[in-house]
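Student: Structure for the following, please:
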Amino acid sequence: MKLRKEKVREKISIKWKVFLYLLSFTVILLAILWVFQICYLDTFYKLIKNREAKNALEKVIDIEKELPSDAETQIDSIAAEGNLSILVADSEGNVIHSAEYIMNSQMSSIPKEEFEQYYQQAKEQGGKAKIEFEGNRNITFPLEGQPPVNNESQQVPPQPQNDFLQNHGQKMVQSAIYVEIVEDGTNAFVVMVNSQLTPVDATVDTLRIQFIWISVILLLLSLVIALLLSRKISRSIIKVNDSARELAKGDYSVEFSGKDYREIAQLSETLNYAARELEKTEGFRKELLANVSHDLRTPLTMIIAYAEVMRDLPGENTPENVQVIIDESRRLTMLVNDMLDISKLQAGVMEKEASVYNLTESIQSVFERYNKLKEQDGYTIEFQYEEEVMVEADEFKIFQVIYNLVNNAINYTGADKKVLVRQLVRENMVRIEVNDTGDGIAREELPYVWDRYYKVDKTHKRAVMGTGLGLSIVKNILELHEAAYGVESRIGEGSTFWFELPIYRDKE
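Tutor: Residues are numbered from 1 along each chain as shown. This is a model prediction of the structure:
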(Lines give C-alpha, C1' and ligand atoms only; values in the text may rest on other atoms or scores of the structure.)
Protein backbone atom coordinates (compact mmCIF):
# COMPACT_ATOMS: atom_id res chain seq x y z
CA MET A 1 0.00 0.00 0.00
CA LYS A 2 2.83 2.37 0.89
CA LEU A 3 4.64 1.65 -2.38
CA ARG A 4 1.43 2.29 -4.32
CA LYS A 5 1.03 5.70 -2.65
CA GLU A 6 4.63 6.60 -3.42
CA LYS A 7 4.16 5.64 -7.08
CA VAL A 8 1.00 7.76 -7.34
CA ARG A 9 2.82 10.69 -5.72
CA GLU A 10 5.70 10.35 -8.17
CA LYS A 11 3.31 10.41 -11.15
CA ILE A 12 1.74 13.75 -10.16
CA SER A 13 2.93 16.51 -12.48
CA ILE A 14 4.89 19.40 -11.00
CA LYS A 15 2.25 21.73 -12.42
CA TRP A 16 -0.47 20.13 -10.30
CA LYS A 17 1.81 19.86 -7.28
CA VAL A 18 2.48 23.61 -7.38
CA PHE A 19 -1.25 24.21 -7.91
CA LEU A 20 -2.14 22.11 -4.86
CA TYR A 21 0.52 23.79 -2.72
CA LEU A 22 -0.71 27.30 -3.61
CA LEU A 23 -4.35 26.32 -3.12
CA SER A 24 -3.57 24.68 0.22
CA PHE A 25 -1.71 27.80 1.33
CA THR A 26 -4.75 29.95 0.50
CA VAL A 27 -7.15 27.59 2.29
CA ILE A 28 -4.94 27.60 5.40
CA LEU A 29 -4.82 31.40 5.40
CA LEU A 30 -8.62 31.59 5.09
CA ALA A 31 -9.03 29.06 7.91
CA ILE A 32 -6.74 31.11 10.16
CA LEU A 33 -8.68 34.27 9.32
CA TRP A 34 -11.98 32.50 10.07
CA VAL A 35 -10.70 31.34 13.45
CA PHE A 36 -9.40 34.75 14.50
CA GLN A 37 -12.03 36.97 12.91
CA ILE A 38 -15.17 34.97 13.72
CA CYS A 39 -14.50 32.42 16.46
CA TYR A 40 -12.33 34.64 18.64
CA LEU A 41 -13.77 38.01 17.68
CA ASP A 42 -15.49 38.45 21.06
CA THR A 43 -12.33 37.49 22.97
CA PHE A 44 -10.12 39.91 21.04
CA TYR A 45 -12.72 42.64 21.34
CA LYS A 46 -12.76 42.23 25.12
CA LEU A 47 -8.98 42.39 25.34
CA ILE A 48 -8.83 45.54 23.24
CA LYS A 49 -11.65 47.29 25.11
CA ASN A 50 -10.14 46.38 28.49
CA ARG A 51 -6.80 47.82 27.44
CA GLU A 52 -8.44 50.97 26.09
CA ALA A 53 -10.42 51.43 29.32
CA LYS A 54 -7.28 51.04 31.47
CA ASN A 55 -5.35 53.52 29.32
CA ALA A 56 -8.26 55.99 29.47
CA LEU A 57 -8.38 55.60 33.27
CA GLU A 58 -4.67 56.46 33.58
CA LYS A 59 -5.01 59.48 31.27
CA VAL A 60 -7.99 60.85 33.22
CA ILE A 61 -6.13 60.48 36.52
CA ASP A 62 -3.16 62.39 35.08
CA ILE A 63 -5.53 65.15 33.86
CA GLU A 64 -7.23 65.44 37.26
CA LYS A 65 -3.88 65.67 39.02
CA GLU A 66 -2.67 68.47 36.73
CA LEU A 67 -6.09 70.19 36.47
CA PRO A 68 -5.56 72.00 33.16
CA SER A 69 -8.04 74.65 32.06
CA ASP A 70 -9.44 72.37 29.35
CA ALA A 71 -9.76 69.27 31.54
CA GLU A 72 -13.41 68.80 30.58
CA THR A 73 -12.56 68.94 26.86
CA GLN A 74 -9.69 66.47 27.21
CA ILE A 75 -11.82 63.99 29.17
CA ASP A 76 -14.61 64.29 26.62
CA SER A 77 -12.09 63.65 23.80
CA ILE A 78 -10.79 60.52 25.57
CA ALA A 79 -14.32 59.16 25.99
CA ALA A 80 -15.24 59.89 22.39
CA GLU A 81 -12.07 58.28 21.02
CA GLY A 82 -12.59 55.03 22.96
CA ASN A 83 -16.41 54.99 22.88
CA LEU A 84 -16.43 55.10 26.69
CA SER A 85 -18.37 56.69 29.53
CA ILE A 86 -16.23 58.48 32.14
CA LEU A 87 -17.16 59.85 35.57
CA VAL A 88 -14.94 61.83 37.93
CA ALA A 89 -16.50 62.45 41.35
CA ASP A 90 -15.47 63.15 44.92
CA SER A 91 -15.80 60.55 47.66
CA GLU A 92 -19.38 61.66 48.30
CA GLY A 93 -20.45 61.01 44.74
CA ASN A 94 -20.61 64.62 43.60
CA VAL A 95 -19.80 64.84 39.89
CA ILE A 96 -16.64 66.77 38.98
CA HIS A 97 -16.36 65.80 35.28
CA SER A 98 -18.34 63.40 33.11
CA ALA A 99 -18.46 62.28 29.49
CA GLU A 100 -20.82 59.66 28.07
CA TYR A 101 -20.42 57.92 24.69
CA ILE A 102 -22.20 54.64 25.48
CA MET A 103 -25.92 54.56 24.77
CA ASN A 104 -28.05 54.60 27.96
CA SER A 105 -24.99 54.48 30.22
CA GLN A 106 -25.94 57.60 32.25
CA MET A 107 -22.78 57.58 34.37
CA SER A 108 -23.46 61.18 35.43
CA SER A 109 -26.70 60.17 37.13
CA ILE A 110 -25.53 57.01 38.83
CA PRO A 111 -27.61 56.31 41.99
CA LYS A 112 -25.82 57.26 45.17
CA GLU A 113 -26.28 53.76 46.63
CA GLU A 114 -24.53 52.15 43.72
CA PHE A 115 -21.75 54.74 43.74
CA GLU A 116 -21.13 54.05 47.43
CA GLN A 117 -21.10 50.30 46.81
CA TYR A 118 -18.51 50.61 43.99
CA TYR A 119 -16.51 53.03 46.09
CA GLN A 120 -16.45 50.62 49.02
CA GLN A 121 -15.49 47.70 46.82
CA ALA A 122 -12.55 49.64 45.40
CA LYS A 123 -11.50 50.78 48.86
CA GLU A 124 -11.57 47.22 50.20
CA GLN A 125 -9.42 46.05 47.25
CA GLY A 126 -6.65 48.61 47.65
CA GLY A 127 -8.20 51.48 45.73
CA LYS A 128 -8.98 49.69 42.46
CA ALA A 129 -11.80 47.48 41.25
CA LYS A 130 -13.37 46.19 38.08
CA ILE A 131 -17.10 45.51 37.95
CA GLU A 132 -18.34 43.43 35.01
CA PHE A 133 -22.02 43.32 34.01
CA GLU A 134 -23.80 40.58 32.10
CA GLY A 135 -27.53 41.03 31.90
CA ASN A 136 -28.73 42.12 35.39
CA ARG A 137 -25.81 40.73 37.41
CA ASN A 138 -22.44 42.21 38.23
CA ILE A 139 -19.18 40.52 39.08
CA THR A 140 -16.40 42.45 40.82
CA PHE A 141 -12.77 41.84 39.82
CA PRO A 142 -9.81 43.38 41.65
CA LEU A 143 -7.16 45.13 39.57
CA GLU A 144 -3.37 44.67 39.55
CA GLY A 145 -3.08 41.32 41.31
CA GLN A 146 -5.78 41.80 43.99
CA PRO A 147 -7.62 38.55 45.00
CA PRO A 148 -11.06 38.16 43.42
CA VAL A 149 -14.08 39.08 45.50
CA ASN A 150 -16.95 36.64 45.73
CA ASN A 151 -20.12 38.61 45.26
CA GLU A 152 -22.42 35.65 45.72
CA SER A 153 -23.21 36.73 49.29
CA GLN A 154 -23.21 40.44 48.53
CA GLN A 155 -26.42 42.21 47.93
CA VAL A 156 -26.74 43.15 44.30
CA PRO A 157 -27.93 46.72 44.02
CA PRO A 158 -31.25 47.16 42.34
CA GLN A 159 -31.02 48.14 38.71
CA PRO A 160 -32.66 51.41 37.71
CA GLN A 161 -35.66 51.34 35.48
CA ASN A 162 -33.68 52.79 32.59
CA ASP A 163 -31.43 49.68 32.55
CA PHE A 164 -28.36 51.51 33.83
CA LEU A 165 -25.07 50.49 32.07
CA GLN A 166 -26.85 48.28 29.50
CA ASN A 167 -27.72 48.78 25.86
CA HIS A 168 -31.37 48.23 25.09
CA GLY A 169 -32.17 45.60 22.49
CA GLN A 170 -29.04 43.51 23.21
CA LYS A 171 -29.14 40.14 24.95
CA MET A 172 -26.52 39.42 27.62
CA VAL A 173 -24.34 42.33 26.53
CA GLN A 174 -21.27 42.56 28.74
CA SER A 175 -19.84 45.82 30.00
CA ALA A 176 -17.44 46.81 32.77
CA ILE A 177 -16.70 49.71 35.09
CA TYR A 178 -13.11 50.40 36.11
CA VAL A 179 -13.02 52.17 39.46
CA GLU A 180 -9.93 53.79 40.99
CA ILE A 181 -9.70 55.98 44.13
CA VAL A 182 -7.00 58.65 43.87
CA GLU A 183 -5.73 60.50 46.92
CA ASP A 184 -3.84 63.66 46.06
CA GLY A 185 -2.71 65.22 49.33
CA THR A 186 -5.79 66.28 51.27
CA ASN A 187 -8.07 65.83 48.28
CA ALA A 188 -9.48 62.50 47.12
CA PHE A 189 -11.46 61.73 44.00
CA VAL A 190 -12.92 58.69 42.28
CA VAL A 191 -12.54 57.89 38.56
CA MET A 192 -14.97 55.49 36.90
CA VAL A 193 -14.63 54.34 33.28
CA ASN A 194 -17.42 52.31 31.69
CA SER A 195 -16.55 50.18 28.60
CA GLN A 196 -18.72 47.83 26.54
CA LEU A 197 -16.92 44.44 26.37
CA THR A 198 -18.87 42.65 23.64
CA PRO A 199 -19.55 43.85 20.10
CA VAL A 200 -23.13 44.40 19.15
CA ASP A 201 -24.89 41.57 17.30
CA ALA A 202 -25.28 43.65 14.14
CA THR A 203 -21.51 44.15 13.95
CA VAL A 204 -20.82 40.43 14.30
CA ASP A 205 -23.40 39.54 11.67
CA THR A 206 -22.02 42.17 9.28
CA LEU A 207 -18.46 40.90 9.71
CA ARG A 208 -19.57 37.31 9.22
CA ILE A 209 -21.44 38.08 5.98
CA GLN A 210 -18.56 40.18 4.67
CA PHE A 211 -16.07 37.49 5.48
CA ILE A 212 -18.15 34.82 3.72
CA TRP A 213 -18.11 36.90 0.54
CA ILE A 214 -14.42 37.69 0.94
CA SER A 215 -13.65 33.98 1.43
CA VAL A 216 -15.58 32.99 -1.71
CA ILE A 217 -13.89 35.70 -3.78
CA LEU A 218 -10.42 34.83 -2.43
CA LEU A 219 -10.98 31.14 -3.03
CA LEU A 220 -11.97 31.74 -6.65
CA LEU A 221 -9.05 34.12 -7.17
CA SER A 222 -6.66 31.64 -5.57
CA LEU A 223 -7.87 28.92 -7.93
CA VAL A 224 -7.19 31.10 -10.96
CA ILE A 225 -3.87 32.48 -9.67
CA ALA A 226 -2.64 29.04 -8.53
CA LEU A 227 -3.48 27.56 -11.93
CA LEU A 228 -1.72 30.37 -13.81
CA LEU A 229 1.33 30.31 -11.54
CA SER A 230 1.63 26.53 -11.66
CA ARG A 231 1.54 26.62 -15.46
CA LYS A 232 4.10 29.41 -15.66
CA ILE A 233 6.47 27.86 -13.11
CA SER A 234 6.26 24.36 -14.58
CA ARG A 235 6.36 25.34 -18.27
CA SER A 236 10.14 25.57 -18.51
CA ILE A 237 10.68 22.44 -16.41
CA ILE A 238 8.30 20.47 -18.62
CA LYS A 239 10.09 21.72 -21.75
CA VAL A 240 13.48 20.75 -20.31
CA ASN A 241 12.10 17.32 -19.35
CA ASP A 242 10.75 16.76 -22.88
CA SER A 243 14.12 17.72 -24.36
CA ALA A 244 15.90 15.41 -21.89
CA ARG A 245 13.74 12.52 -23.11
CA GLU A 246 14.79 13.22 -26.68
CA LEU A 247 18.42 13.30 -25.54
CA ALA A 248 17.97 9.94 -23.80
CA LYS A 249 16.74 8.49 -27.12
CA GLY A 250 20.03 9.48 -28.76
CA ASP A 251 19.03 12.77 -30.38
CA TYR A 252 22.13 14.81 -29.51
CA SER A 253 21.00 17.77 -31.63
CA VAL A 254 18.24 18.59 -29.12
CA GLU A 255 18.29 22.13 -27.72
CA PHE A 256 17.41 22.98 -24.11
CA SER A 257 15.80 26.44 -24.17
CA GLY A 258 14.39 26.99 -20.66
CA LYS A 259 15.20 30.63 -19.78
CA ASP A 260 12.33 31.70 -17.48
CA TYR A 261 14.32 31.43 -14.24
CA ARG A 262 18.00 31.61 -13.41
CA GLU A 263 18.17 28.03 -12.11
CA ILE A 264 16.32 26.69 -15.17
CA ALA A 265 18.58 28.73 -17.47
CA GLN A 266 21.67 27.30 -15.73
CA LEU A 267 20.23 23.79 -15.98
CA SER A 268 19.54 24.32 -19.69
CA GLU A 269 23.11 25.49 -20.28
CA THR A 270 24.48 22.48 -18.40
CA LEU A 271 22.28 20.05 -20.35
CA ASN A 272 23.21 21.72 -23.65
CA TYR A 273 26.87 21.28 -22.73
CA ALA A 274 26.21 17.66 -21.75
CA ALA A 275 24.43 17.04 -25.07
CA ARG A 276 27.38 18.44 -27.05
CA GLU A 277 29.83 16.36 -25.02
CA LEU A 278 27.74 13.23 -25.48
CA GLU A 279 27.64 13.91 -29.20
CA LYS A 280 31.44 14.19 -29.24
CA THR A 281 31.78 11.06 -27.12
CA GLU A 282 29.51 9.15 -29.50
CA GLY A 283 31.64 10.35 -32.40
CA PHE A 284 34.80 9.27 -30.60
CA ARG A 285 33.24 5.88 -29.85
CA LYS A 286 32.41 5.28 -33.49
CA GLU A 287 35.84 6.47 -34.54
CA LEU A 288 37.46 4.25 -31.90
CA LEU A 289 35.61 1.19 -33.19
CA ALA A 290 36.66 2.00 -36.74
CA ASN A 291 40.29 2.62 -35.79
CA VAL A 292 40.60 -0.40 -33.53
CA SER A 293 39.03 -2.56 -36.23
CA HIS A 294 41.54 -1.17 -38.73
CA ASP A 295 44.53 -1.67 -36.43
CA LEU A 296 43.46 -5.19 -35.54
CA ARG A 297 42.64 -6.15 -39.10
CA THR A 298 45.91 -4.91 -40.61
CA PRO A 299 48.37 -7.08 -38.62
CA LEU A 300 46.00 -10.06 -38.72
CA THR A 301 45.70 -9.75 -42.51
CA MET A 302 49.47 -9.59 -42.89
CA ILE A 303 50.05 -12.53 -40.57
CA ILE A 304 47.50 -14.67 -42.46
CA ALA A 305 48.82 -13.58 -45.84
CA TYR A 306 52.49 -14.34 -45.06
CA ALA A 307 51.60 -17.60 -43.32
CA GLU A 308 49.58 -18.78 -46.39
CA VAL A 309 52.41 -17.80 -48.74
CA MET A 310 54.92 -19.76 -46.65
CA ARG A 311 52.53 -22.74 -46.58
CA ASP A 312 51.81 -22.77 -50.31
CA LEU A 313 55.26 -21.77 -51.57
CA PRO A 314 58.07 -23.64 -49.85
CA GLY A 315 60.60 -21.20 -51.26
CA GLU A 316 58.97 -18.30 -49.36
CA ASN A 317 59.74 -19.83 -45.99
CA THR A 318 62.47 -17.24 -45.39
CA PRO A 319 63.70 -15.52 -42.21
CA GLU A 320 62.43 -12.19 -43.59
CA ASN A 321 58.86 -13.46 -43.95
CA VAL A 322 58.99 -15.05 -40.50
CA GLN A 323 60.22 -11.71 -39.09
CA VAL A 324 57.23 -9.92 -40.67
CA ILE A 325 54.88 -12.36 -38.95
CA ILE A 326 56.73 -11.83 -35.64
CA ASP A 327 56.65 -8.01 -35.98
CA GLU A 328 52.96 -7.94 -36.80
CA SER A 329 52.21 -10.31 -33.93
CA ARG A 330 54.12 -7.99 -31.58
CA ARG A 331 52.19 -4.98 -32.93
CA LEU A 332 48.94 -6.86 -32.31
CA THR A 333 50.09 -7.77 -28.80
CA MET A 334 51.02 -4.11 -28.10
CA LEU A 335 47.57 -2.93 -29.21
CA VAL A 336 45.77 -5.45 -27.01
CA ASN A 337 48.04 -4.66 -24.04
CA ASP A 338 47.50 -0.90 -24.48
CA MET A 339 43.74 -1.36 -24.56
CA LEU A 340 43.89 -3.49 -21.43
CA ASP A 341 46.09 -0.88 -19.70
CA ILE A 342 43.63 1.90 -20.52
CA SER A 343 40.72 -0.15 -19.26
CA LYS A 344 42.50 -0.88 -15.98
CA LEU A 345 43.63 2.73 -15.51
CA GLN A 346 40.19 4.18 -16.17
CA ALA A 347 38.53 1.55 -13.98
CA GLY A 348 40.92 2.44 -11.14
CA VAL A 349 42.09 -1.14 -10.63
CA MET A 350 45.70 -0.48 -11.65
CA GLU A 351 47.87 0.72 -8.77
CA LYS A 352 51.24 2.39 -8.88
CA GLU A 353 54.26 0.69 -7.30
CA ALA A 354 56.35 3.68 -6.31
CA SER A 355 60.11 3.42 -5.80
CA VAL A 356 63.08 5.78 -5.86
CA TYR A 357 65.03 5.56 -9.13
CA ASN A 358 67.17 7.56 -11.55
CA LEU A 359 64.77 9.22 -14.00
CA THR A 360 67.56 10.42 -16.29
CA GLU A 361 68.94 6.92 -16.79
CA SER A 362 65.44 5.57 -17.37
CA ILE A 363 64.90 8.12 -20.16
CA GLN A 364 68.18 7.17 -21.78
CA SER A 365 67.15 3.49 -21.72
CA VAL A 366 64.00 4.39 -23.66
CA PHE A 367 66.09 5.58 -26.61
CA GLU A 368 67.71 2.16 -27.00
CA ARG A 369 64.44 0.91 -28.50
CA TYR A 370 64.76 3.40 -31.35
CA ASN A 371 68.23 2.45 -32.61
CA LYS A 372 66.86 0.43 -35.52
CA LEU A 373 64.38 3.18 -36.40
CA LYS A 374 67.15 5.79 -36.39
CA GLU A 375 69.38 3.66 -38.58
CA GLN A 376 66.77 2.64 -41.18
CA ASP A 377 64.54 5.71 -41.43
CA GLY A 378 66.93 8.51 -40.48
CA TYR A 379 65.13 9.77 -37.35
CA THR A 380 67.09 11.99 -34.93
CA ILE A 381 66.20 11.77 -31.22
CA GLU A 382 68.11 14.17 -28.97
CA PHE A 383 68.09 14.20 -25.16
CA GLN A 384 69.16 17.38 -23.34
CA TYR A 385 69.79 17.51 -19.59
CA GLU A 386 72.20 19.16 -17.14
CA GLU A 387 72.15 16.77 -14.20
CA GLU A 388 70.81 13.38 -13.24
CA VAL A 389 67.57 13.45 -11.23
CA MET A 390 66.07 11.01 -8.74
CA VAL A 391 62.29 10.66 -8.40
CA GLU A 392 59.87 8.53 -6.41
CA ALA A 393 57.36 6.99 -8.81
CA ASP A 394 56.34 3.80 -10.58
CA GLU A 395 59.37 3.30 -12.85
CA PHE A 396 57.65 1.03 -15.36
CA LYS A 397 54.63 3.31 -15.79
CA ILE A 398 56.72 6.50 -16.14
CA PHE A 399 58.82 4.55 -18.68
CA GLN A 400 55.55 3.94 -20.57
CA VAL A 401 54.75 7.68 -20.43
CA ILE A 402 58.08 8.70 -21.93
CA TYR A 403 57.98 5.90 -24.51
CA ASN A 404 54.48 6.86 -25.66
CA LEU A 405 55.32 10.59 -25.81
CA VAL A 406 58.41 9.85 -27.96
CA ASN A 407 56.30 7.52 -30.18
CA ASN A 408 53.75 10.31 -30.63
CA ALA A 409 56.50 12.80 -31.52
CA ILE A 410 57.98 10.37 -34.07
CA ASN A 411 54.57 9.83 -35.69
CA TYR A 412 53.86 13.57 -36.05
CA THR A 413 57.27 15.23 -36.41
CA GLY A 414 58.16 17.17 -39.53
CA ALA A 415 60.12 16.26 -42.64
CA ASP A 416 63.42 16.73 -40.76
CA LYS A 417 62.43 13.73 -38.56
CA LYS A 418 63.77 15.41 -35.40
CA VAL A 419 62.53 14.76 -31.89
CA LEU A 420 63.90 16.69 -28.89
CA VAL A 421 63.56 15.50 -25.28
CA ARG A 422 64.52 17.98 -22.54
CA GLN A 423 64.93 17.47 -18.80
CA LEU A 424 64.55 20.76 -16.88
CA VAL A 425 65.07 21.17 -13.14
CA ARG A 426 62.98 23.89 -11.50
CA GLU A 427 63.41 24.15 -7.72
CA ASN A 428 61.97 20.88 -6.35
CA MET A 429 60.33 19.77 -9.62
CA VAL A 430 61.70 18.09 -12.74
CA ARG A 431 59.96 18.84 -16.04
CA ILE A 432 60.19 16.49 -19.01
CA GLU A 433 59.41 17.99 -22.42
CA VAL A 434 59.05 16.07 -25.70
CA ASN A 435 59.11 18.32 -28.76
CA ASP A 436 58.37 17.55 -32.42
CA THR A 437 58.61 19.74 -35.53
CA GLY A 438 55.28 18.76 -37.08
CA ASP A 439 52.30 20.81 -38.27
CA GLY A 440 51.14 21.67 -34.76
CA ILE A 441 47.68 21.57 -33.21
CA ALA A 442 45.00 24.28 -33.23
CA ARG A 443 44.21 25.83 -29.84
CA GLU A 444 40.60 24.57 -29.81
CA GLU A 445 41.80 21.00 -30.46
CA LEU A 446 44.31 20.85 -27.58
CA PRO A 447 41.89 19.63 -24.85
CA TYR A 448 40.97 16.58 -26.96
CA VAL A 449 44.41 15.24 -27.90
CA TRP A 450 44.43 13.06 -24.78
CA ASP A 451 41.33 11.17 -25.90
CA ARG A 452 41.65 7.67 -27.32
CA TYR A 453 42.25 7.66 -31.07
CA TYR A 454 41.57 11.39 -31.31
CA LYS A 455 43.18 12.72 -34.50
CA VAL A 456 43.39 16.37 -35.51
CA ASP A 457 43.23 15.68 -39.25
CA LYS A 458 40.44 13.04 -38.78
CA THR A 459 42.11 10.73 -41.32
CA HIS A 460 43.30 7.41 -39.98
CA LYS A 461 46.82 6.38 -40.79
CA ARG A 462 48.92 3.59 -39.45
CA ALA A 463 51.39 4.88 -36.85
CA VAL A 464 55.09 4.47 -37.44
CA MET A 465 55.42 3.48 -33.78
CA GLY A 466 52.82 2.53 -31.16
CA THR A 467 49.11 1.81 -31.37
CA GLY A 468 47.39 5.19 -31.35
CA LEU A 469 46.36 4.84 -27.70
CA GLY A 470 49.59 6.27 -26.28
CA LEU A 471 48.42 9.76 -25.22
CA SER A 472 45.37 8.36 -23.46
CA ILE A 473 47.64 5.99 -21.51
CA VAL A 474 49.97 8.92 -20.70
CA LYS A 475 47.08 10.96 -19.33
CA ASN A 476 45.78 8.18 -17.07
CA ILE A 477 49.24 7.24 -15.72
CA LEU A 478 50.11 10.86 -14.90
CA GLU A 479 46.75 11.35 -13.17
CA LEU A 480 47.47 8.18 -11.19
CA HIS A 481 50.70 9.89 -10.03
CA GLU A 482 48.86 13.21 -9.44
CA ALA A 483 51.40 14.82 -11.76
CA ALA A 484 50.91 18.04 -13.71
CA TYR A 485 50.92 17.61 -17.50
CA GLY A 486 49.94 19.46 -20.64
CA VAL A 487 50.64 20.30 -24.27
CA GLU A 488 51.77 23.50 -25.97
CA SER A 489 51.39 23.88 -29.71
CA ARG A 490 51.01 26.35 -32.56
CA ILE A 491 50.05 25.72 -36.13
CA GLY A 492 53.20 25.26 -38.21
CA GLU A 493 55.55 25.27 -35.20
CA GLY A 494 55.25 21.73 -33.86
CA SER A 495 54.08 20.58 -30.43
CA THR A 496 55.59 20.13 -26.98
CA PHE A 497 54.15 17.59 -24.56
CA TRP A 498 55.32 17.91 -20.94
CA PHE A 499 54.84 16.56 -17.43
CA GLU A 500 56.31 17.32 -14.01
CA LEU A 501 57.32 15.15 -11.04
CA PRO A 502 58.72 16.12 -7.61
CA ILE A 503 62.45 15.54 -7.23
CA TYR A 504 63.40 13.06 -4.55
CA ARG A 505 65.87 14.52 -2.03
CA ASP A 506 67.71 12.30 0.39
CA LYS A 507 66.87 13.58 3.88
CA GLU A 508 70.32 12.68 5.13
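
Student: How many residues are close by residue 317?
Tutor: Residues near residue 317, counting by other C-beta atoms under 10 Å, number 11. Just so you know, the C-beta spots here come from the backbone N, C-alpha and C atoms, and that holds for glycine as well.

Student: isn't it right next to residue 307, touching?
Tutor: No - contact criterion C-beta atoms under 8 Å: residue 317 and residue 307 do not qualify, at 10.3 Å.

Student: Okay, helices next: where are they in the stretch 201-350 of the chain?
Tutor: 201-248, 262-312, 319-347 (DSSP state H, counting those that start in this stretch).

Student: Just send the ones you listed back as JSON lines, with mean neighbour count too.
Tutor: Output for these, formatted as JSON lines (neighbours: other C-beta atoms under 10 Å):
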{"stretch": "helix 201-248", "mean neighbour count": "14"}
{"stretch": "helix 262-312", "mean neighbour count": "14"}
{"stretch": "helix 319-347", "mean neighbour count": "15"}
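
Student: pretty sure residue 62 is in a helix, no?
Tutor: Yes - the assignment for residue 62 is a helix, going by DSSP: H, G, I helix; E, B strand; the rest coil.

Student: Check the gap between it and residue 301 for me.
Tutor: Going from residue 62 to residue 301 by C-beta to C-beta, to the nearest Å gives 115 Å.

Student: repeat for residue 482
Tutor: For residue 482, the distance to residue 301 (C-beta to C-beta) stands at 42 Å.

Student: so where does residue 433 fall, helix or strand?
Tutor: In this structure, residue 433 sits in strand 429-436 according to DSSP states H and E.

Student: for that strand, packing partners?
Tutor: Contacts defined by 3 or more C-beta pairs under 8 Å, 6 or more residues apart in numbering; DSSP states H and E place strand 429-436 against helix 359-367, helix 395-412, strand 418-426, strand 495-502.

Student: what comes into contact with the shortest one?
Tutor: Meaning strand 495-502. 359, 391-393, 398, 401, 405, 408-409, 412, 428-436, 438, 440-441, 471, 474, 478, 481, 483-489 (C-beta atoms under 8 Å, 6 or more residues apart in numbering).

Student: picking up where we left off before, ok, which of the helices of the stretch 201-350 of the chain comes nearest residue 188?
Tutor: Closest of these to residue 188 is helix 201-248, at 38.7 Å (criterion: C-beta to C-beta).

Student: now the closest one against helix 262-312, angle please.
Tutor: Angle, helix 201-248 to helix 262-312, by axes from the mean of the first three to the mean of the last three C-alpha atoms, to 10 degrees: 20 degrees.

Student: Any idea how far helix 201-248 is from the middle of the chain?
Tutor: Between the centre of helix 201-248 and the centre of its host chain there is 25 Å, according to C-alpha atoms, centre = their mean, to the nearest Å.

Student: So which elements touch it?
Tutor: helix 14-34, helix 41-66, helix 262-312.

Student: Quick one: residues contacting residue 341.
Tutor: Contact partners of residue 341, counting by C-beta under 8 Å, 6+ apart, are 350, 400, 473.

Student: and residue 56, what does it touch?
Tutor: 78, 79, 82, 84, 86, 193.

Student: my read is the last one is in a strand, agree?
Tutor: Going back to what we said before, that points to residue 193. Yes - under three-state DSSP, residue 193 sits within a strand.

Student: Can you tell me how far it is from residue 282?
Tutor: Relative to residue 282, and taking C-beta to C-beta, residue 193 is found at 87 Å.

Student: now do the fifth one
Tutor: In this view, residue 86 and residue 282 are 90 Å apart by C-beta to C-beta.

Student: what does the first one give?
Tutor: From residue 78 over to residue 282 the distance is 85 Å, taken as C-beta to C-beta.

Student: Same check on the third one?
Tutor: Distance of residue 82 to residue 282, computed by C-beta to C-beta: 81 Å.

Student: count of residues packed around residue 49?
Tutor: Neighbour tally, residue 49, other C-beta under 10 Å: 21.

Student: Now distance to residue 215 and neighbour count too, for the contacts of residue 56, in CSV please.
Tutor: Output for the contacts of residue 56, formatted as CSV (distance: C-beta to C-beta, whole Å; neighbours: other C-beta atoms under 10 Å):
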residue, distance to residue 215, neighbour count
78, 37, 21
79, 36, 24
82, 31, 20
84, 33, 26
86, 39, 28
193, 37, 29
